[in-house]
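Visitor: Sequence first, predicted model second:
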Amino acid sequence: MAELVFFYGTLMTPFNRTAQLRIDHDLVFRGRGTIAAALFDLGIYPAAVPAPDSRVCGEVYEMTNRERVLHALDEIEGYRPGDPATSLYIRDLVPVAMAEGTRVQAWAYFYNAPLGRAERIESGDYLEHLKVR
């Protein structure tokens, strides 16, 4: 079974951050999908929090080198597997509804700090919110 990861913010294609992290060659695009979450604009990046009645749009990638990719993502997302309580984001395996109708399991990062007055992105689509495509 393929190991998948779900990106909903600045790790998506238009931002080219996976190349900056030097993990782009370890990721194979598998399609767009949605997860059960609510999306918020924190200014320089978005935050998703689990929400069963809301959807967040994003991209699904297969990891060809799971350890390398997750290590790089954990660092950039401020996730400490040994200390999740103080992590900025938490990594969790979640169901993703793919655009073509299938369901897969993928790793996603959820915000783990107070949202303050962050604006809710009602569409659940960060690219649409920024008018980037």
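Guide: Yep, it's here.
Visitor: Next SSE downstream of the biggest strand by length in the chain?
Guide: Taking DSSP state E as the criterion, the chain has its longest strand at strand 46-63. Where DSSP states H and E defines the elements, the next helix or strand beyond strand 46-63 is helix 66-77.
Visitor: The very next helix or strand once past that next one vs helix 66-77, what angle?
Guide: The first helix or strand that comes after helix 66-77 along the chain, using DSSP H and E, is strand 89-98. Computed with axes from the mean of the first three to the mean of the last three CA atoms, to 10 degrees, the direction of strand 89-98 lies at 120 degrees from that of helix 66-77.
Visitor: And the average pLDDT for strand 89-98 is what?
Guide: Strand 89-98 shows a mean pLDDT of 97.
Visitor: partners of it, with directions?
Guide: strand 27-41 (antiparallel), strand 103-111 (antiparallel) (DSSP bridges).
Visitor: looking at those strands, which is closest to I76?
Guide: strand 103-111 (9.2 Å; CB to CB). Heads up, the C-betas are built off the backbone N, CA and C, glycines and all.
Visitor: Which parts of the closest one count as buried, going by neighbours?
Guide: Buried residues in strand 103-111, defined by neighbour count with 16 or more other CB atoms under 10 Å: V104, A106, W107, A108, Y109, F110, Y111.
Visitor: what is the mean pLDDT for the helix or strand just after that strand?
Guide: Of the helices and strands lying after strand 103-111 in sequence (DSSP H and E), the nearest is strand 119-120. Mean pLDDT, computed over strand 119-120, is 96.
Visitor: Identify the residues contacting strand 119-120?
Guide: For strand 119-120, contacts defined as CB atoms under 8 Å, 6 or more residues apart in numbering pick out A38, L39, F40, D41.
Visitor: Grab the nearest non-local neighbour of A36.
Guide: Excluding the flanking residues, the one nearest A36 by CB to CB, 6 or more residues apart in numbering is P52, at 5.2 Å.
Visitor: what about that neighbour, neighbour count?
Guide: Around P52 there are 7 other residues, counting by other CB atoms under 10 Å.
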